[in-house]
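Visitor: Need coordinates for the below:
(one chain, ligands or ions: 1)
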Amino acid sequence: MTFGSEAYERAWLLRQTVLRAPLGLTLDISERAAEASHRHFALFTDNDELAACVSMVPLPDGQAKLRQMAVNEIMQGMGLGQKLIRSVESLLASEGFCYLYMHARQSAIGFYQKLGYRAEGEPFTEITIPHVRMSKTLSTASRQP
Ligand SMILES: CC(C)(COP(=O)(O)OP(=O)(O)OC[C@H]1O[C@@H](n2cnc3c(N)ncnc32)[C@H](O)[C@@H]1OP(=O)(O)O)[C@@H](O)C(=O)NCCC(=O)NCCS
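Guide: Okay, here's the model as predicted:
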């Protein structure tokens with residue numbers, strides 16, 4: 001999704017609904033400026049419903065940070081989050097990225113573990129809830145479609 005596009009705006013709303021509203025928070029509009037240099041990915045249904053989204057911060061040396069992973073609440077548990085992450089990993093690996101990490105919510109650790117991410121270090125608090133850093137080295141196998 002292009003930054004500022006209609007799809008991006010829909011994803012912004014999904015993120016607000018899934019990631020912030022349950023915590024009584026709102027997405028900080030000041031975050032948007034930084035997102036111009038990030039990349040934004042989404043999964044849509046055949047009916048053009050936004051199912052899931054995730055953003056990525058490109059870093060030096062083939063590294064990237066994933067952030068803002070959210071699946072539409074009525075579509076969670078259907079394999080769509082995993083499908084989106086696998087597609088993004090495949091694309092990034094084909095572009096030469098070799099290492100991904102994220103600050104995972106403690107409640108989502110199992111989701112990322114199933115995708116091969118490993119937790120590192122001590123838990124810490126972000127947006128009022130416990131998180132842990134998780135990372136994965138992309139193998140050449142990640143480049144398969
Ligand atoms: C966490 C989230 C991204 C997972 O996406 P999803 O589409 O619901 O998950 P999937 O259906 O693709 O699940 C894939 C596998 O991970 C498991 N899984 C999914 N969410 C999990 C969780 N929170 N904890 C442990 N395992 C989980 C599923 O059981 C499934 O396992 P299986 O392959 O053995 O059946 C999604 O539920 C979500 O948006 N949750 C709220 C926001 C959030 O926590 N975002 C992550 C911020 S770091």
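Visitor: element containing the closest residue to residue 117 other than its chain neighbours, please.
Guide: Once flanking residues are discounted, residue 117 sits nearest to residue 134: 4.1 Å by Cβ to Cβ, 6 or more residues apart in numbering. (Each C-beta comes from the backbone N, C-alpha and C, glycine too.) Under the criterion of DSSP states H and E, residue 134 resides in strand 129-137.
Visitor: Please apply the same query to residue 4.
Guide: Using DSSP H and E, no helix or strand contains residue 4.
Visitor: give me the number of residues near it?
Guide: By the measure other Cβ atoms under 10 Å, the count of residues near residue 4 is 13.
Visitor: What are the neighbouring residues in contact with it?
Guide: Applying Cβ atoms under 8 Å, 6 or more residues apart in numbering, one finds that residue 4 lies in contact with residue 36.
Visitor: next one: residue 125
Guide: Contacts for residue 125 (Cβ under 8 Å, 6+ apart) come out as residue 131.
Visitor: Which residues does it form beta bridges with?
Guide: residue 130 (DSSP bridges).
Visitor: Pull out the buried residues from the strand holding residue 134.
Guide: Across strand 129-137, burial judged by 16 or more other Cβ atoms under 10 Å covers 131, 132, 133, 134, 135, 136.
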